[in-house]
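In: I would like the atomic coordinates for the input below:
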Amino acid sequence: MPSNVAAFFPAPVAAKEPRQLREPVPSAELTLQGAVSPGAGQLFVVSCYTRFDNLAHGPRGTQASRGLYTFRLDSSDGQMVLVSVTKEPIMNPAFSRFHPRRNLLYTCTESVAEPGQIDTWRVDPATGRLSKLGSQSAGGTSTCYLTLDKGCENMLVVNYWDATIGIFGLKADEGIVAGPRSMFDPNMGRAMRAKHDAHVNHSHNDSSAQAERQADPHSHAVILDPHFGRIAFVPDLGMDIIRQFRYDAQDGCLRAMGSVKSGPAGRTALGPRYIEFHPTLPMAYVVNELASEVSVFEFDLQAAQAVIDSKVESLDGAPPMLRLLQTIRTIPDAFPGKLNTCGRITVHSSGQYVLASNRGHDSIAVFRVSMALPKPGLLSVVGTQHTRGATPRHFTFDVSGQWLITANQDSDHIAVFRFNVATGRLEWTGNEYHVPSPNFVCSVMPHAEAAARTDEAEASMALTLQRARGEGLGGVHVGGGHGGFALSASGPGAGPQLQSRL
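Out: Residues are numbered from 1 along each chain as shown. Sure, this is the predicted structure:
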């Protein structure tokens, strides 16, 4: 490896195993002790690849035996504790979305060989356990993105391989994903030209890999604008465009209204992957995976309002909703772009920073958001932080914005960093945990109403044990600390400790 390239690869650091985890161990054999109150810490659900042969890309880590791992974060020091591993078999969960009002988690499966599945899980706020409530076909292959609309009436679903975008209803009483209401197909039924079994690793980004990945349309995400919740944007990695739609929740459909280039005119091999909006400014940030760049767009609020108010069914002549203002690299100029592709992009909750992950350079790039007039929202480079592992496919913040957890897919672990909001610097905590082929980290903060119901159930269980033994209330202890729920009896004549087992 050339010295100028090797300089960007710090020596790997051995990952610590999470407490009580020995991989591979069937989850039924894991005993998680120590009760957890709902307020004891935020949960993070890490999804893993369980099969490599049916993926369009080629992971280099270890196939997981279980698909979903739930951790609880200690917000005082950034340490994490494994509290749950799914019993149910789930193949290649690759994206998750937590319901904003219910303790429900939605996951989707990734495969080019069969239609994806959208699974609905109930999250137990006390134990972190996931219980599957239902499953629904996604209507396409390599399902990769889920979005809930503002009213939580519908879910918008993206299937990467065949590029389809579906609208699925949610059952009002349970929140389970119901059948599809509509499906948009940019391929219009044409057969795919690319080989679905190419298995190119995402750190390989030469011209041949780019040509393979851009032989067809490939929708990669769907985002509703945060101002109206009516304009949908879909990055198409294969076509170098951001598709625009007017979204109608009542009809459950998307009405196409053209597209915008995801980067400068005349450029090719951009590969738009994700788009994220600023929390207060009318600005959107697109990560171009193949170009290792972030494009900064201004969102035209007036044009969006006009389209929303329009009664016209055909919107082919609608103006662009996004206007390109800036592009900025995610990797140093000296690092070869053919050795890197981007992963996730996010805007920090403070609105002061934008972050993007690099797969190949194995880093997270941090950009400062300028608030200076006349055009607030432009970016400047703060720096890059190595993720202490290979191929950071995804990362997320805790609710405080202080702790960042990254999924290092090809080195089989997750790592925790402290984020300094004053400087924009990421500081390594030394906390890293073995998880096989992690591909996504979902932030889960349990909702109070459901947590209260769990507390009532635990109190009822304690009272039942008390009555069964004829003991006073002081004879029952609902434990504390990190881990899964545990209930034990104390005092003379106490029975054996009861532990929940996964």
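In: A306 in helix, strand or coil?
Out: helix (DSSP: H, G, I helix; E, B strand; the rest coil).
In: A211 now?
Out: Secondary structure assignment for A211 (three-state DSSP): helix.
In: Check the gap between it and G58 for me.
Out: 17 Å (CB to CB, to the nearest Å). In this view, the C-beta of every residue, glycine as well, is placed from N, C-alpha and C.
In: So which of these two has more stuff around it?
Out: G58 (16 against 11; other CB atoms under 10 Å).
In: Surely the more buried one touches S203?
Out: No: counting by CB atoms under 8 Å, G58 stays clear of S203, with 9.9 Å between them.
In: the helices in the stretch 201-350 of the chain, which residues?
Out: Taking DSSP state H, counting those that start in this stretch, the helices of the stretch 201-350 of the chain run over residues 207-213, 301-309.
In: Tell me who's in contact with A303.
Out: Contact analysis of A303 by CB atoms under 8 Å, 6 or more residues apart in numbering lists 318-321.
In: nearest to C108, of those residues?
Out: M321 (26.3 Å; CB to CB).
In: burial count for that closest one?
Out: 25.
In: check contacts around it.
Out: 225, 231, 233, 244, 260, 299-300, 303-304, 307.
In: gap between it and R102?
Out: 31 Å.
In: what does the helix or strand where L105 lies contact?
Out: For L105, the element it lies in under DSSP states H and E is strand 104-109. Counting by CB under 8 Å, 6+ apart, the neighbours of strand 104-109 from elsewhere in the structure are 45, 47, 68, 90-99, 116-123, 130, 133, 138, 143-146, 148, 155, 157, 175, 177, 442, 444.
In: sorry, back to before: please produce TSV containing the contacts of A303, extended by pLDDT and distance to V286.
Out: Putting the contacts of A303 into TSV (pLDDT from 0 to 100; distance: CB to CB, whole Å) gives the following:
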residue	pLDDT	distance to V286
A318	93	19
P319	94	18
P320	97	13
M321	98	13
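In: Can you give me the neighbour number for V123?
Out: If we define neighbours as other CB under 10 Å, then V123 has 24 of them.
In: Just confirm it contacts L43, I think it does.
Out: Yes: between V123 and L43 there is a contact at 7.1 Å, judged by CB under 8 Å.
In: what is in contact with the two at once?
Out: 444, 446.
In: mind listing what the closest residue to E110 other than its chain neighbours touches?
Out: If the residues on either side of it in the chain are set aside, E110 comes closest to A94, at 3.8 Å by CB to CB, 6 or more residues apart in numbering. Shown in contact with A94 (CB under 8 Å, 6+ apart): 47, 49, 108-110, 143-144, 439-440.
In: cool, L325 as well?
Out: 296-298, 375, 377-378.
In: The same query, at a cut-off of 6 Å, please.
Out: 296, 298 (CB atoms under 6 Å, 6 or more residues apart in numbering).
In: Just checking: what are the partner strands of the strand holding L105?
Out: strand 93-98 (antiparallel), strand 115-123 (antiparallel) (DSSP bridges).
In: model confidence over it, on average?
Out: The average pLDDT for strand 104-109 rounds to 99.
In: cool, stretch 180-193 as well?
Out: 92.
In: same thing with stretch 160-174?
Out: The model assigns stretch 160-174 a mean pLDDT of 96.
In: buried sites along that stretch?
Out: Buried positions in stretch 160-174, judged by neighbour count with 16 or more other CB atoms under 10 Å: 160-170.
In: got CSV for the strands paired with strand 104-109, with mean pLDDT too?
Out: Output for these, formatted as CSV (pLDDT from 0 to 100):
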stretch, mean pLDDT
strand 93-98, 98
strand 115-123, 98
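In: For V366, find the nearest of the ones you listed.
Out: That would be strand 93-98 among the strands paired with strand 104-109, by CB to CB, at 23.5 Å.
In: where's R190, which helix or strand?
Out: Per DSSP H and E: nothing holds R190, as it lies in no helix or strand.
In: tally of neighbours for it?
Out: By other CB under 10 Å, neighbour count at R190 equals 11.
In: Then K311?
Out: Neighbour tally, K311, other CB under 10 Å: 4.
In: Give me the pLDDT value at it.
Out: At K311, pLDDT is 87.
In: quick one, what contacts it?
Out: So K311 contacts nothing (CB under 6 Å, 6+ apart).
In: distance of it from V45?
Out: Distance from K311 to V45, by CB to CB: 42 Å.
In: hang on, the earlier thing: for T406, find the nearest of the strands paired with strand 104-109.
Out: strand 93-98 (15.4 Å).
In: Using CSV, write out the CA atom coordinates for the closest one.
Out: The C-alpha coordinates for strand 93-98 follow below in CSV (Å, rounded to 0.1, in the frame of the first residue of the first chain):
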residue,chain,number,x,y,z
PRO,A,93,-32.4,-6.9,8.7
ALA,A,94,-30.8,-3.8,7.2
PHE,A,95,-32.8,-0.7,8.3
SER,A,96,-34.9,0.1,11.3
ARG,A,97,-37.4,2.8,12.2
PHE,A,98,-38.8,3.5,15.7
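In: all helices for the stretch 1-150 of the chain, in order.
Out: 3-6.
In: In space, what's closest to N201 - neighbours in sequence excluded?
Out: G58 (4.6 Å).
In: didn't the one you found look like it was pressed against H202?
Out: No: taking contacts as CB atoms under 6 Å, G58 lies outside contact range of H202: 8.3 Å.
In: which parts of stretch 183-198 are buried?
Out: Here stretch 183-198 shows 183-186, 192, 194, 196 as buried, counting by 16+ other CB under 10 Å.
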